[in-house]
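1. Just need the structure, nothing else, for what follows:
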Amino acid sequence: MWRILKAELSYNKLMLFIAYGLVIFLKFGTIYQEIISSLIIAFISIGIMGSESDKERRERLHVLLPIPIRKISFARLLFLIIFQSVMFILWMTTSAFETVENNQLVIWIMLTANALFLILINLLIIYTDLGFYLNKSWRYIFWGIVFLLVPVSAWLVYNGHLLLFLRGDAQTSSIILETLVYNFICLGFFYSSYKIFIARKSYLK
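-> Reported below is the predicted structural model:
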């Protein structure tokens, strides 16, 4: 498993260098603007790396190795965790040189942004994996849930019931509680991604 992880890091070292380099050398403004901008960079980078992996049929090659499929599933998610962990460290480093009113609140906001990004990426991974089940209706169920949740979430954000840190009058305790909920949900998505990959009927693309 660790060799697969090292290989993935080696395959993507140029893309990682570019992504982190952009975050380090480009100044986006306040720490909040930098978080949003770096998430956009991270999303694009993950997309490019995933596309390259598909072209090289790496998943198919990995499952042919004498390695338990659960370790392969764990390795690909661990790569994502390492990628975003370095991004989080860069945020922390940047915030150390920023003048902000509440440093602790900024950390909680970083954790929220981190969780939401990982949830979104896991959603895309789950959608891809569901395409390799014999029963294609799983993808329709997936889209049905997405189309239900997106307008509901948008309404909740608009009315100040989600992403509480966007509200100027939100209490710190409420923001912390919301952050913990998002991270708990994030763990659930990681577990779902892990199990769904193992249960795939095919690893050919």
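2. all contacts plus neighbour counts: C-alpha atoms, from now on.
-> Will do.
3. what's the nearest residue to V23 if we skip its chain neighbours?
-> S38 (5.9 Å; Cα to Cα, 6 or more residues apart in numbering).
4. What number of neighbouring residues does that neighbour come out with?
-> The tally of other residues near S38 (other Cα atoms under 10 Å) stands at 23.
5. Tell me the predicted confidence for it.
-> Per-residue confidence (pLDDT) for S38: 88.
6. Same question for the worst-scoring helix or strand of the chain on mean pLDDT: list its buried residues.
-> Here the helix or strand of the chain ranked lowest by mean pLDDT, DSSP states H and E is helix 137-158, holding a mean of 73. By 16 or more other Cα atoms under 10 Å, the buried positions in helix 137-158 come out as R139.
7. then that helix to CSV, C-alphas only?
-> Coordinates of the C-alpha atoms in helix 137-158 are reproduced here as CSV (Å, rounded to 0.1, in the frame of the first residue of the first chain):
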residue,chain,number,x,y,z
SER,A,137,-29.6,3.0,-11.1
TRP,A,138,-27.2,3.9,-8.3
ARG,A,139,-26.1,6.8,-10.4
TYR,A,140,-29.7,8.0,-10.8
ILE,A,141,-30.2,7.7,-7.1
PHE,A,142,-27.0,9.8,-6.6
TRP,A,143,-28.2,12.5,-8.9
GLY,A,144,-31.6,12.5,-7.3
ILE,A,145,-30.0,13.1,-3.8
VAL,A,146,-27.8,15.9,-5.3
PHE,A,147,-30.6,17.7,-7.0
LEU,A,148,-32.6,17.5,-3.7
LEU,A,149,-29.8,18.7,-1.5
VAL,A,150,-28.4,21.5,-3.6
PRO,A,151,-31.5,23.8,-3.6
VAL,A,152,-32.1,23.0,0.1
SER,A,153,-28.5,23.8,1.0
ALA,A,154,-28.6,27.0,-1.1
TRP,A,155,-31.8,28.1,0.8
LEU,A,156,-30.2,27.4,4.1
VAL,A,157,-27.1,29.3,3.3
TYR,A,158,-29.1,32.2,1.9
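8. which residues are in contact with it?
-> Helix 137-158 has contacts (Cα atoms under 8 Å, 6 or more residues apart in numbering) with Y127, L130, G131, L162, L163.
9. Can you pick out the ones from those residues that are in helices?
-> Counting by DSSP state H, the contacts of helix 137-158 place Y127, L130 in helices.
10. tell me which of the contacts of helix 137-158 is nearest to L90?
-> Of all the contacts of helix 137-158, L90 sits closest to L163, with 22.2 Å by Cα to Cα.
11. For stretch 59-75, list the C-alpha coordinates in CSV.
-> The C-alpha trace of stretch 59-75 is given here as CSV (Å, rounded to 0.1, in the frame of the first residue of the first chain):
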residue,chain,number,x,y,z
GLU,A,59,-6.5,1.7,-10.9
ARG,A,60,-6.6,-1.3,-13.2
LEU,A,61,-2.9,-1.8,-12.7
HIS,A,62,-3.2,-1.5,-9.0
VAL,A,63,-5.9,-4.1,-8.5
LEU,A,64,-3.8,-6.6,-10.5
LEU,A,65,-1.1,-6.3,-7.9
PRO,A,66,-1.0,-8.9,-5.0
ILE,A,67,-2.4,-6.3,-2.6
PRO,A,68,-5.7,-6.5,-0.8
ILE,A,69,-8.3,-4.3,-2.5
ARG,A,70,-9.1,-2.6,0.8
LYS,A,71,-5.5,-1.3,1.0
ILE,A,72,-5.7,0.1,-2.5
SER,A,73,-8.9,1.9,-1.6
PHE,A,74,-7.3,3.3,1.6
ALA,A,75,-4.2,4.4,-0.3
